[in-house]
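>>> sharing a model that was predicted from the sequence below.
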Amino acid sequence: MTSPSALHVASRWIQAAQLDALKPNDRLTVYHGTRLAEIFDLINGFDANKVHYRHYGGPRHAGLFVSPSEDLAERFSDRGEVILEIETQAKNLHGTDFSGNIGREQHLNEKTQTWLREEYPDSFRPYLSMTMLQSSEPQALLRGLVSPHQIKRVRYKEPGGSPKWYSRKEFLDLGLEMIPARDQPYGRKRKIRDLKYDLSYPGYSVDEFFSAAAGVAEESKERVIRTFKMLWEADQERGDDTMGEFLEQLGFEPTAVKAYRKKLGDYWSRQRVASRWSQNQVADAGLASITEYGVRFQTGVSVTFPYMRNTEGAPKLPRHIQPVYGQDIEPAGRYMLHAHPSFEPFATWEGGEVTFHNPLVLEYHSTSSAPEGWKRRLSIAFGGKKKRALSTAIRQAGFDGIVTVDGNYTSEIVEL
(Lines give C-alpha, C1' and ligand atoms only; values in the text may rest on other atoms or scores of the structure.)
Protein backbone atom coordinates (compact mmCIF):
# COMPACT_ATOMS: atom_id res chain seq x y z
CA MET A 1 0.00 0.00 0.00
CA THR A 2 1.34 3.43 -0.95
CA SER A 3 1.88 5.78 1.99
CA PRO A 4 0.10 9.21 2.12
CA SER A 5 3.47 10.95 1.80
CA ALA A 6 4.32 8.90 -1.30
CA LEU A 7 0.93 9.79 -2.81
CA HIS A 8 1.65 13.45 -2.18
CA VAL A 9 5.03 13.22 -3.90
CA ALA A 10 3.40 11.37 -6.79
CA SER A 11 0.77 14.09 -7.19
CA ARG A 12 3.50 16.73 -7.40
CA TRP A 13 5.43 14.68 -9.95
CA ILE A 14 2.35 14.32 -12.15
CA GLN A 15 1.72 18.03 -11.83
CA ALA A 16 5.28 18.86 -12.87
CA ALA A 17 4.96 16.57 -15.87
CA GLN A 18 1.85 18.47 -17.00
CA LEU A 19 3.28 21.97 -16.71
CA ASP A 20 4.51 21.94 -20.31
CA ALA A 21 0.98 21.32 -21.63
CA LEU A 22 -1.19 23.58 -19.50
CA LYS A 23 -4.90 24.08 -20.19
CA PRO A 24 -6.91 26.99 -18.67
CA ASN A 25 -9.02 24.80 -16.37
CA ASP A 26 -6.20 22.54 -15.15
CA ARG A 27 -6.06 22.41 -11.35
CA LEU A 28 -2.62 22.93 -9.90
CA THR A 29 -1.10 22.84 -6.43
CA VAL A 30 1.18 25.80 -5.73
CA TYR A 31 2.97 27.10 -2.62
CA HIS A 32 3.38 30.55 -1.13
CA GLY A 33 5.88 31.30 1.62
CA THR A 34 5.08 34.08 4.08
CA ARG A 35 5.27 35.07 7.74
CA LEU A 36 2.70 34.46 10.46
CA ALA A 37 1.67 38.12 10.71
CA GLU A 38 0.51 38.05 7.06
CA ILE A 39 -1.80 35.08 7.64
CA PHE A 40 -4.65 37.31 8.85
CA ASP A 41 -4.97 38.70 5.30
CA LEU A 42 -4.81 35.28 3.62
CA ILE A 43 -6.34 32.44 5.64
CA ASN A 44 -10.01 33.55 5.29
CA GLY A 45 -9.84 34.19 1.56
CA PHE A 46 -7.91 36.90 -0.25
CA ASP A 47 -7.91 39.02 -3.36
CA ALA A 48 -4.82 38.24 -5.39
CA ASN A 49 -5.61 41.18 -7.67
CA LYS A 50 -4.51 43.66 -5.02
CA VAL A 51 -0.97 44.87 -4.41
CA HIS A 52 0.67 42.64 -1.78
CA TYR A 53 3.62 43.43 0.44
CA ARG A 54 6.98 42.07 -0.79
CA HIS A 55 9.42 40.74 1.81
CA TYR A 56 12.48 41.11 -0.39
CA GLY A 57 11.91 44.46 -2.03
CA GLY A 58 11.35 45.10 -5.72
CA PRO A 59 8.62 47.04 -7.55
CA ARG A 60 5.04 47.05 -6.25
CA HIS A 61 2.65 44.90 -8.25
CA ALA A 62 -0.68 43.12 -8.03
CA GLY A 63 -0.73 39.38 -7.44
CA LEU A 64 0.94 36.84 -5.20
CA PHE A 65 4.16 34.97 -6.01
CA VAL A 66 3.68 31.18 -5.92
CA SER A 67 5.81 28.23 -6.89
CA PRO A 68 5.26 24.55 -7.75
CA SER A 69 8.19 23.96 -5.39
CA GLU A 70 7.72 23.77 -1.62
CA ASP A 71 11.48 24.24 -1.22
CA LEU A 72 11.45 27.54 -3.11
CA ALA A 73 8.43 28.76 -1.13
CA GLU A 74 10.39 28.04 2.05
CA ARG A 75 13.30 30.17 0.82
CA PHE A 76 10.97 33.12 0.30
CA SER A 77 9.10 32.74 3.60
CA ASP A 78 10.26 34.39 6.81
CA ARG A 79 12.83 31.81 8.03
CA GLY A 80 10.47 29.07 6.83
CA GLU A 81 7.76 30.22 9.27
CA VAL A 82 4.62 29.64 7.15
CA ILE A 83 3.91 28.06 3.77
CA LEU A 84 0.43 27.91 2.23
CA GLU A 85 -0.53 25.08 -0.09
CA ILE A 86 -3.07 26.50 -2.54
CA GLU A 87 -5.16 24.81 -5.20
CA THR A 88 -5.93 26.99 -8.20
CA GLN A 89 -6.73 26.82 -11.89
CA ALA A 90 -4.03 27.47 -14.47
CA LYS A 91 -5.99 30.41 -15.91
CA ASN A 92 -5.34 32.29 -12.64
CA LEU A 93 -1.56 31.87 -13.01
CA HIS A 94 0.75 34.00 -15.12
CA GLY A 95 4.37 33.66 -16.13
CA THR A 96 6.48 36.29 -14.43
CA ASP A 97 9.97 37.51 -13.75
CA PHE A 98 11.30 38.56 -10.34
CA SER A 99 9.60 41.97 -10.68
CA GLY A 100 6.06 40.55 -10.80
CA ASN A 101 5.59 41.82 -14.35
CA ILE A 102 3.07 39.54 -16.07
CA GLY A 103 3.06 41.71 -19.18
CA ARG A 104 6.62 40.78 -20.07
CA GLU A 105 5.44 38.02 -22.40
CA GLN A 106 3.80 40.61 -24.67
CA HIS A 107 7.10 42.50 -24.92
CA LEU A 108 9.31 39.55 -25.79
CA ASN A 109 10.90 39.76 -29.20
CA GLU A 110 9.38 37.71 -32.00
CA LYS A 111 12.24 35.19 -32.00
CA THR A 112 11.76 34.45 -28.29
CA GLN A 113 7.97 34.17 -28.66
CA THR A 114 8.43 31.75 -31.55
CA TRP A 115 10.85 29.68 -29.44
CA LEU A 116 8.33 29.56 -26.55
CA ARG A 117 5.53 28.39 -28.82
CA GLU A 118 7.77 25.71 -30.29
CA GLU A 119 9.08 24.63 -26.86
CA TYR A 120 5.60 24.44 -25.29
CA PRO A 121 3.20 23.90 -28.24
CA ASP A 122 0.50 22.34 -26.06
CA SER A 123 0.43 25.06 -23.40
CA PHE A 124 -2.18 27.84 -23.49
CA ARG A 125 0.45 30.11 -21.86
CA PRO A 126 3.94 29.11 -23.03
CA TYR A 127 5.60 31.81 -20.89
CA LEU A 128 3.83 30.44 -17.79
CA SER A 129 5.06 26.93 -18.57
CA MET A 130 8.57 28.25 -18.93
CA THR A 131 8.67 30.19 -15.63
CA MET A 132 7.05 27.28 -13.75
CA LEU A 133 9.57 24.77 -15.14
CA GLN A 134 12.75 26.84 -15.06
CA SER A 135 15.50 25.29 -12.94
CA SER A 136 16.25 28.55 -11.13
CA GLU A 137 13.33 29.77 -8.99
CA PRO A 138 10.32 28.18 -10.74
CA GLN A 139 7.45 30.54 -10.10
CA ALA A 140 4.26 32.23 -11.28
CA LEU A 141 2.09 35.12 -10.27
CA LEU A 142 -1.33 34.18 -8.86
CA ARG A 143 -4.16 36.57 -9.73
CA GLY A 144 -7.90 36.47 -8.99
CA LEU A 145 -9.95 35.68 -5.89
CA VAL A 146 -8.77 32.84 -3.63
CA SER A 147 -11.37 31.31 -1.30
CA PRO A 148 -10.58 29.66 2.07
CA HIS A 149 -11.45 26.28 0.52
CA GLN A 150 -8.55 26.64 -1.90
CA ILE A 151 -6.07 26.74 0.99
CA LYS A 152 -5.58 23.01 1.42
CA ARG A 153 -2.75 22.87 3.95
CA VAL A 154 -0.54 25.16 6.04
CA ARG A 155 3.05 24.43 6.99
CA TYR A 156 3.96 26.14 10.24
CA LYS A 157 7.31 26.27 12.00
CA GLU A 158 7.23 27.17 15.67
CA PRO A 159 10.12 29.33 16.94
CA GLY A 160 13.02 26.95 17.53
CA GLY A 161 11.03 23.99 16.25
CA SER A 162 10.71 21.96 13.08
CA PRO A 163 8.15 22.71 10.35
CA LYS A 164 4.97 20.65 10.34
CA TRP A 165 2.11 20.40 7.85
CA TYR A 166 -1.49 20.94 9.05
CA SER A 167 -4.83 20.98 7.34
CA ARG A 168 -6.33 24.48 7.31
CA LYS A 169 -8.65 23.51 10.17
CA GLU A 170 -5.86 21.95 12.21
CA PHE A 171 -3.75 25.08 11.79
CA LEU A 172 -6.61 27.35 12.90
CA ASP A 173 -7.26 25.06 15.88
CA LEU A 174 -3.74 25.84 17.15
CA GLY A 175 -5.15 29.13 18.44
CA LEU A 176 -2.05 31.12 17.50
CA GLU A 177 -1.95 34.82 18.39
CA MET A 178 -0.03 37.57 16.61
CA ILE A 179 -0.20 41.28 15.83
CA PRO A 180 -1.49 41.40 12.23
CA ALA A 181 1.01 42.81 9.75
CA ARG A 182 -1.30 45.71 8.89
CA ASP A 183 -1.41 46.75 12.58
CA GLN A 184 2.28 46.38 13.39
CA PRO A 185 4.15 47.42 15.40
CA TYR A 186 1.71 48.94 17.89
CA GLY A 187 -1.49 46.96 17.37
CA ARG A 188 -2.88 44.40 19.76
CA LYS A 189 -2.41 40.67 19.43
CA ARG A 190 -5.28 38.84 17.79
CA LYS A 191 -6.15 35.19 17.49
CA ILE A 192 -5.88 33.62 14.04
CA ARG A 193 -9.37 32.14 13.63
CA ASP A 194 -11.80 30.78 11.09
CA LEU A 195 -14.27 33.58 10.30
CA LYS A 196 -16.64 31.10 8.56
CA TYR A 197 -17.00 33.54 5.66
CA ASP A 198 -14.86 34.27 2.59
CA LEU A 199 -13.54 37.84 2.87
CA SER A 200 -12.70 37.92 -0.85
CA TYR A 201 -16.19 36.90 -2.04
CA PRO A 202 -18.27 39.77 -3.48
CA GLY A 203 -21.50 37.80 -4.00
CA TYR A 204 -23.14 37.61 -0.57
CA SER A 205 -26.65 39.03 -0.25
CA VAL A 206 -27.05 42.09 1.97
CA ASP A 207 -28.31 39.92 4.83
CA GLU A 208 -25.49 37.39 4.39
CA PHE A 209 -23.00 40.25 4.34
CA PHE A 210 -24.32 41.59 7.66
CA SER A 211 -23.93 38.11 9.18
CA ALA A 212 -20.36 37.91 7.87
CA ALA A 213 -19.47 41.38 9.15
CA ALA A 214 -20.95 40.57 12.57
CA GLY A 215 -18.80 37.43 12.77
CA VAL A 216 -15.65 39.30 11.76
CA ALA A 217 -16.27 42.18 14.17
CA GLU A 218 -17.44 39.83 16.95
CA GLU A 219 -20.47 42.08 17.46
CA SER A 220 -24.23 41.53 17.27
CA LYS A 221 -25.73 41.63 13.80
CA GLU A 222 -28.10 44.40 14.85
CA ARG A 223 -25.23 46.60 16.03
CA VAL A 224 -23.31 46.01 12.81
CA ILE A 225 -26.36 47.02 10.74
CA ARG A 226 -26.76 50.22 12.77
CA THR A 227 -23.05 51.03 12.36
CA PHE A 228 -23.04 50.59 8.59
CA LYS A 229 -26.24 52.61 8.22
CA MET A 230 -24.75 55.42 10.32
CA LEU A 231 -21.55 55.40 8.22
CA TRP A 232 -23.53 55.45 4.98
CA GLU A 233 -25.67 58.36 6.13
CA ALA A 234 -22.56 60.28 7.23
CA ASP A 235 -20.91 59.61 3.86
CA GLN A 236 -23.98 60.99 2.06
CA GLU A 237 -23.72 64.24 4.01
CA ARG A 238 -19.95 64.74 3.80
CA GLY A 239 -19.04 62.97 0.56
CA ASP A 240 -16.58 60.71 2.38
CA ASP A 241 -16.01 56.95 2.10
CA THR A 242 -15.85 55.95 5.77
CA MET A 243 -18.01 52.90 5.00
CA GLY A 244 -15.42 51.63 2.52
CA GLU A 245 -12.62 52.32 5.00
CA PHE A 246 -14.50 50.39 7.69
CA LEU A 247 -14.94 47.43 5.33
CA GLU A 248 -11.19 47.41 4.76
CA GLN A 249 -10.51 47.59 8.50
CA LEU A 250 -12.70 44.53 9.01
CA GLY A 251 -10.50 42.65 6.54
CA PHE A 252 -12.71 42.50 3.44
CA GLU A 253 -10.64 42.36 0.27
CA PRO A 254 -10.70 45.10 -2.45
CA THR A 255 -13.10 43.43 -4.90
CA ALA A 256 -15.49 42.62 -2.04
CA VAL A 257 -15.19 46.15 -0.58
CA LYS A 258 -16.17 47.66 -3.92
CA ALA A 259 -19.13 45.28 -4.29
CA TYR A 260 -20.55 45.74 -0.77
CA ARG A 261 -20.04 49.49 -0.78
CA LYS A 262 -22.32 49.61 -3.84
CA LYS A 263 -24.78 47.00 -2.53
CA LEU A 264 -25.22 48.74 0.81
CA GLY A 265 -25.50 52.15 -0.85
CA ASP A 266 -28.19 50.89 -3.22
CA TYR A 267 -29.95 49.09 -0.37
CA TRP A 268 -30.26 52.13 1.89
CA SER A 269 -31.02 54.46 -1.01
CA ARG A 270 -34.01 52.26 -1.88
CA GLN A 271 -35.08 52.18 1.75
CA ARG A 272 -34.82 55.95 2.07
CA VAL A 273 -36.92 56.54 -1.04
CA ALA A 274 -39.44 53.87 -0.07
CA SER A 275 -39.83 55.08 3.50
CA ARG A 276 -40.73 58.61 2.37
CA TRP A 277 -44.00 57.39 0.96
CA SER A 278 -44.59 53.90 2.30
CA GLN A 279 -45.02 54.94 5.94
CA ASN A 280 -47.59 57.52 4.86
CA GLN A 281 -49.29 54.86 2.75
CA VAL A 282 -49.66 52.44 5.66
CA ALA A 283 -50.38 55.04 8.35
CA ASP A 284 -54.13 54.34 8.12
CA ALA A 285 -53.42 50.63 8.62
CA GLY A 286 -52.62 51.40 12.27
CA LEU A 287 -48.90 51.60 13.02
CA ALA A 288 -47.64 50.46 16.42
CA SER A 289 -44.44 49.94 18.40
CA ILE A 290 -43.47 47.81 21.38
CA THR A 291 -40.54 46.58 23.45
CA GLU A 292 -40.85 42.88 24.30
CA TYR A 293 -38.23 40.77 26.11
CA GLY A 294 -35.83 43.67 25.67
CA VAL A 295 -36.29 43.84 21.87
CA ARG A 296 -37.67 47.03 20.30
CA PHE A 297 -40.11 46.65 17.39
CA GLN A 298 -40.76 49.86 15.47
CA THR A 299 -41.64 50.53 11.84
CA GLY A 300 -38.57 51.32 9.78
CA VAL A 301 -36.07 50.38 12.51
CA SER A 302 -33.88 47.32 11.93
CA VAL A 303 -34.40 44.53 14.46
CA THR A 304 -32.92 41.08 15.14
CA PHE A 305 -34.88 38.72 17.37
CA PRO A 306 -35.34 35.03 18.26
CA TYR A 307 -38.36 33.38 16.68
CA MET A 308 -40.45 30.24 17.05
CA ARG A 309 -42.73 28.70 14.46
CA ASN A 310 -44.79 25.61 13.86
CA THR A 311 -43.43 23.77 10.82
CA GLU A 312 -46.72 21.91 10.45
CA GLY A 313 -48.88 23.97 8.11
CA ALA A 314 -52.55 24.75 8.78
CA PRO A 315 -54.99 22.39 7.04
CA LYS A 316 -56.50 23.63 3.77
CA LEU A 317 -60.19 24.45 4.03
CA PRO A 318 -62.78 23.28 1.48
CA ARG A 319 -63.81 26.05 -0.90
CA HIS A 320 -67.36 26.28 0.44
CA ILE A 321 -66.14 27.11 3.99
CA GLN A 322 -65.56 30.78 4.77
CA PRO A 323 -61.98 31.31 6.15
CA VAL A 324 -61.96 32.24 9.83
CA TYR A 325 -58.43 33.60 10.07
CA GLY A 326 -58.20 35.72 6.94
CA GLN A 327 -56.47 33.07 4.86
CA ASP A 328 -58.20 34.46 1.77
CA ILE A 329 -56.30 37.76 1.98
CA GLU A 330 -53.28 37.22 4.26
CA PRO A 331 -49.87 38.19 2.81
CA ALA A 332 -47.72 35.26 1.73
CA GLY A 333 -44.59 34.65 3.78
CA ARG A 334 -43.08 32.69 6.66
CA TYR A 335 -45.28 33.11 9.74
CA MET A 336 -43.72 33.03 13.20
CA LEU A 337 -43.85 34.38 16.76
CA HIS A 338 -41.34 36.30 18.85
CA ALA A 339 -39.78 33.64 21.09
CA HIS A 340 -39.09 34.06 24.79
CA PRO A 341 -35.31 33.82 25.50
CA SER A 342 -35.91 30.51 27.30
CA PHE A 343 -37.71 28.87 24.33
CA GLU A 344 -36.48 25.40 23.33
CA PRO A 345 -37.65 23.71 20.08
CA PHE A 346 -40.09 20.81 20.58
CA ALA A 347 -42.22 18.50 18.44
CA THR A 348 -43.07 20.41 15.23
CA TRP A 349 -41.92 23.77 16.64
CA GLU A 350 -38.57 25.17 15.51
CA GLY A 351 -36.59 28.20 16.64
CA GLY A 352 -33.90 30.50 15.31
CA GLU A 353 -32.95 34.12 14.76
CA VAL A 354 -34.19 36.49 12.07
CA THR A 355 -33.42 40.08 11.08
CA PHE A 356 -35.86 42.58 9.60
CA HIS A 357 -33.98 45.55 8.15
CA ASN A 358 -37.17 47.58 7.59
CA PRO A 359 -40.13 46.07 9.47
CA LEU A 360 -43.75 47.19 9.25
CA VAL A 361 -45.21 47.13 12.79
CA LEU A 362 -49.04 47.17 13.02
CA GLU A 363 -51.81 47.00 15.61
CA TYR A 364 -53.21 43.47 15.65
CA HIS A 365 -56.91 43.84 16.66
CA SER A 366 -57.73 40.46 15.05
CA THR A 367 -56.50 38.03 12.42
CA SER A 368 -59.83 37.65 10.63
CA SER A 369 -60.98 39.20 7.35
CA ALA A 370 -63.14 41.65 9.30
CA PRO A 371 -62.52 45.38 8.60
CA GLU A 372 -60.67 45.85 11.89
CA GLY A 373 -58.33 42.86 11.32
CA TRP A 374 -54.69 43.63 10.48
CA LYS A 375 -54.81 41.61 7.28
CA ARG A 376 -57.85 43.49 5.92
CA ARG A 377 -56.43 46.89 6.92
CA LEU A 378 -53.16 46.08 5.21
CA SER A 379 -54.92 44.87 2.09
CA ILE A 380 -56.88 48.13 1.89
CA ALA A 381 -53.68 50.19 2.35
CA PHE A 382 -52.23 48.45 -0.70
CA GLY A 383 -55.17 48.88 -3.02
CA GLY A 384 -57.08 45.72 -2.16
CA LYS A 385 -54.23 43.35 -3.03
CA LYS A 386 -54.30 39.90 -1.45
CA LYS A 387 -51.97 37.04 -0.60
CA ARG A 388 -48.83 36.85 -2.79
CA ALA A 389 -49.67 40.07 -4.66
CA LEU A 390 -50.01 41.83 -1.31
CA SER A 391 -46.61 40.54 -0.16
CA THR A 392 -45.00 41.72 -3.39
CA ALA A 393 -46.49 45.20 -2.98
CA ILE A 394 -45.27 45.42 0.63
CA ARG A 395 -41.74 44.37 -0.38
CA GLN A 396 -41.75 46.92 -3.21
CA ALA A 397 -42.61 49.55 -0.62
CA GLY A 398 -39.34 48.69 1.11
CA PHE A 399 -40.55 46.49 3.97
CA ASP A 400 -39.12 43.02 4.56
CA GLY A 401 -41.24 41.87 7.50
CA ILE A 402 -44.52 42.46 9.34
CA VAL A 403 -44.90 42.50 13.12
CA THR A 404 -48.32 42.75 14.75
CA VAL A 405 -48.85 44.10 18.28
CA ASP A 406 -51.71 42.93 20.49
CA GLY A 407 -51.78 45.12 23.61
CA ASN A 408 -48.56 44.56 25.55
CA TYR A 409 -47.32 41.68 23.40
CA THR A 410 -46.41 40.90 19.82
CA SER A 411 -48.65 38.51 17.92
CA GLU A 412 -48.34 37.23 14.35
CA ILE A 413 -45.06 38.02 12.57
CA VAL A 414 -44.42 37.49 8.85
CA GLU A 415 -41.06 37.27 7.14
CA LEU A 416 -41.73 38.37 3.55
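Done, it's in. Just so we're clear, the structure is a prediction, and the values are computed from it rather than from any experiment.

>>> when you work out contacts or count neighbours from here on, use the C-alpha atoms and nothing else.
Will do.

>>> flag the shaky bits of the stretch 1-150 of the chain, pLDDT-wise.
Residues of the stretch 1-150 of the chain that meet the criterion pLDDT under 70 lie in 1-17, 51-61, 98-108.

>>> need the strands for it, in chain order.
Per DSSP state E, counting those that start in this stretch, the stretch 1-150 of the chain carries strands over the ranges 27-34, 46-47, 64-66, 82-89, 93-94, 140-142, 145-146.

>>> could you check the angle strand 82-89 makes with the first one?
For strand 27-34 against strand 82-89, the angle by axes from the mean of the first three to the mean of the last three C-alpha atoms, to 10 degrees is 150 degrees.

>>> hmm, back to that, so which of the strands of the stretch 1-150 of the chain gets nearest residue 254?
Of all the strands of the stretch 1-150 of the chain, strand 46-47 sits nearest to residue 254, with 6.7 Å by C-alpha to C-alpha.

>>> hey, where'd the helices end up in the stretch 201-350 of the chain?
For the stretch 201-350 of the chain, applying DSSP state H, counting those that start in this stretch gives helices covering 206-217, 221-238, 242-250, 254-282.

>>> got a list of what residue 394 touches?
382, 400 (C-alpha atoms under 8 Å, 6 or more residues apart in numbering).

>>> I misspoke; the intended subject was residue 414.
333-336, 401-403.

>>> ok, the helix or strand harbouring it: who's next to it in the sheet?
Take DSSP states H and E as the rule and residue 414 turns out to sit in strand 409-415. Applying DSSP bridges, strand 409-415 is found paired with strand 334-338 (antiparallel), strand 401-406 (antiparallel).

>>> one step back: save the helices of the stretch 201-350 of the chain as TSV, and put in distance to residue 194 too.
Output for those, formatted as TSV (distance: least, C-alpha to C-alpha, whole Å):
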stretch	distance to residue 194
helix 206-217	9
helix 221-238	18
helix 242-250	14
helix 254-282	18
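
>>> of all those, which one is nearest residue 19?
Minimum separation from residue 19 across the helices of the stretch 201-350 of the chain (C-alpha to C-alpha) falls at helix 254-282, 29.5 Å.

>>> quick one: mean pLDDT for that closest one?
Averaged across helix 254-282, the pLDDT comes to 76.

>>> got it, and stretch 161-175?
pLDDT averaged over stretch 161-175 gives 95.

>>> do the same with stretch 397-414
Mean predicted confidence for stretch 397-414 is 92.

>>> could you number the chain from 84 rather than 1 from now on?
Right, with 84 as the first residue, what we last looked at is stretch 480-497.

>>> on that earlier part again, in CSV: the strands of the stretch 84-233 of the chain, plus mean neighbour count.
As requested, the strands of the stretch 84-233 of the chain are exported to CSV (neighbours: other C-alpha atoms under 10 Å):
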stretch, mean neighbour count
strand 110-117, 22
strand 129-130, 26
strand 147-149, 23
strand 165-172, 23
strand 176-177, 26
strand 223-225, 27
strand 228-229, 24
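
>>> who touches the closest residue to residue 250 other than its chain neighbours in this structure?
Excluding the flanking residues, the one nearest residue 250 by C-alpha to C-alpha, 6 or more residues apart in numbering is residue 236, at 4.4 Å. Going by C-alpha under 8 Å, 6+ apart, residue 236 touches 167-169, 248-251.

>>> one more pass at 6 Å, please.
Residues in contact with residue 236 (C-alpha atoms under 6 Å, 6 or more residues apart in numbering) are 168, 249-251.

>>> beta-bridge partners for it, please?
With DSSP bridges as the rule, residue 236 is bridged to residue 168, residue 250.

>>> from residue 118, how far off is it?
Using C-alpha to C-alpha, to the nearest Å, residue 236 is found at 15 Å from residue 118.

>>> ends of stretch 432-452, what's the gap?
Start-to-end, stretch 432-452 (C-alpha to C-alpha) is 26 Å.
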